[in-house]
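Chemist: Attaching a predicted model along with its sequence, questions to come.
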Amino acid sequence: MKKFGLTAPSTVEELEKMMEVFATQDPDGNGKKDTVGLAIGIKDGFKTWGPADTAFLFGAYGTIPNQWNLSDSKDLEYGSVQPEVKPVLAKLRDWMSKGYIHKEAGLQDAGKALELFAAGKAGIVTAPYWAYGWVLPGVKEVDPKAEYSAYPLPAGPDGKVGRGQSGTSNGVILINKEFAHPEALFLYINYLFDNQGVEGSDLEYGYLEGYDYILKDGQPVWDSEQFPADAPFMPAPKYTLTFDGARIPSQMMKTMSELAGGKEPQSTFEKKAAMDLPGNIKAGAVNYEQRESAMPNMFNGSNTKTMKKRWDFLSQLEKETFNKIIYGDLPLEHFDEFVSQWNSSGGETITKEVNEWYQSVKTP
């Protein structure tokens, strides 16, 4: 951006111009055409768990693929078969032909695409806020002077911004049926919610002094370098009955937004968050700024009757069709044929079943 006098793109059109510079004007100055504009990994789909996915591009046109979205008519529709997908495939096809994205994107998963950025071979990548401190710093090993930063997702031709949203859970806890008091787990979790980080509680600073924090001059320290060499320090509690303790999903991003805005940390949670890398804090603030653009998967029920029989086939059909269109092996117009085949091969029935589920669970 500094070398070519570029500013952060606010639209897909501006993003495309930046990608052209990365791909064709030798930004690393090595005399080779070996860089791409955008690192994406579409091996596992177009909306993944986070890094290097293309959901933001689909969102800029009004849909999110590989999930069920709420339509204007307030029913659920599968994002990958909506008309808004066609111009996105056209865009990706164009980017592939021009070398703006890597020719092996169809074979790369999120990890491989992130490695492309970390190796200094891609100028732009989508990533979770924490990627600033993990994976992406690899680019500094290639060029110690390299700089990178988080920016808001660009808007589409109609001003739309969209992205996939994380799920409401990241695992499950199983309770043995032989337990005499299974309610103890819920008492435990409620205790964490009521006491973690609460001033004056025994969990105000962490789980146990000398374990995940120490007191130094009367102040809590969570930095492992401050611990004695034999201290049983863990960056996060090792032994709990939950994955992340008691976590309020929006709390971290909201806190980072406030810290990035200049707020002095007051609570224990804010003080711990303030110890994060400045780049992570900025990225968290950017994430929170565009929270209204997040589009959740509205279907989280068990597989429907027809899904159990047909979903694997439909998913494979979708993946193959999209990849062949992007690589130029099928004409763009084949998307319409794909939608017709998807519906006639069980998709229409699945859509009906998904909406029957949705009507049974949604709040009036």
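Modeler: Done, it's in.
Chemist: Compute the mean per-residue pLDDT across stretch 58-71, please.
Modeler: Per-residue pLDDT over stretch 58-71 has a mean of 96.
Chemist: How far does that stretch stretch from one end to the other?
Modeler: Stretch 58-71 has an end-to-end distance of 15 Å (CA to CA, to the nearest Å).
Chemist: Make sure residue 61 is indeed in a strand.
Modeler: No: assessed with DSSP: H, G, I helix; E, B strand; the rest coil, residue 61 is coil; it does not lie in a strand.
Chemist: Disregarding flanking residues, what is the spatial nearest neighbour of residue 131?
Modeler: Spatial nearest neighbour of residue 131, excluding adjacent residues (CB to CB, 6 or more residues apart in numbering): residue 51 at 6.3 Å. (Glycine included, C-beta is placed from N, CA and C.)
Chemist: So which bits of stretch 73-90 are buried?
Modeler: Neighbour-count burial for stretch 73-90 flags 76-82, 84-89 (criterion: 16 or more other CB atoms under 10 Å).
Chemist: Show me where the stretch 101-250 of the chain dips below the pLDDT cut-off.
Modeler: Low-confidence segments of the stretch 101-250 of the chain, defined by pLDDT under 70: 224-239, 243-244.
Chemist: Strands along that one, start to end?
Modeler: Assigned by DSSP state E, counting those that start in this stretch, the strands in the stretch 101-250 of the chain fall at 122-125, 163-164, 214-216, 219-221.
Chemist: list the contacts for the residue nearest the centre of the chain?
Modeler: Centroid check for the chain by CA atoms, centre = their mean gives residue 50 as the closest residue, at 2.6 Å. Neighbouring residues of residue 50 by CB atoms under 8 Å, 6 or more residues apart in numbering: 110, 126-128, 166.
Chemist: what does residue 64 give?
Modeler: Contacts of residue 64 (CB under 8 Å, 6+ apart): 47, 55, 58, 79, 162-164, 295, 297.
Chemist: Show me those residues that map onto helices.
Modeler: Applying DSSP state H to these, the entries found in helices are 55, 58.
Chemist: coming back round to it: which SSE is the residue nearest to the centre of the chain in?
Modeler: Here residue 50 sits in a region with no helix or strand, counting by DSSP states H and E.
Chemist: on that earlier part again, let me have the strands of the stretch 101-250 of the chain in TSV, adding mean neighbour count and distance to residue 66 as columns.
Modeler: As requested, the strands of the stretch 101-250 of the chain are exported to TSV (neighbours: other CB atoms under 10 Å; distance: least, CB to CB, whole Å):
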stretch	mean neighbour count	distance to residue 66
strand 122-125	22	19
strand 163-164	23	8
strand 214-216	14	45
strand 219-221	14	42
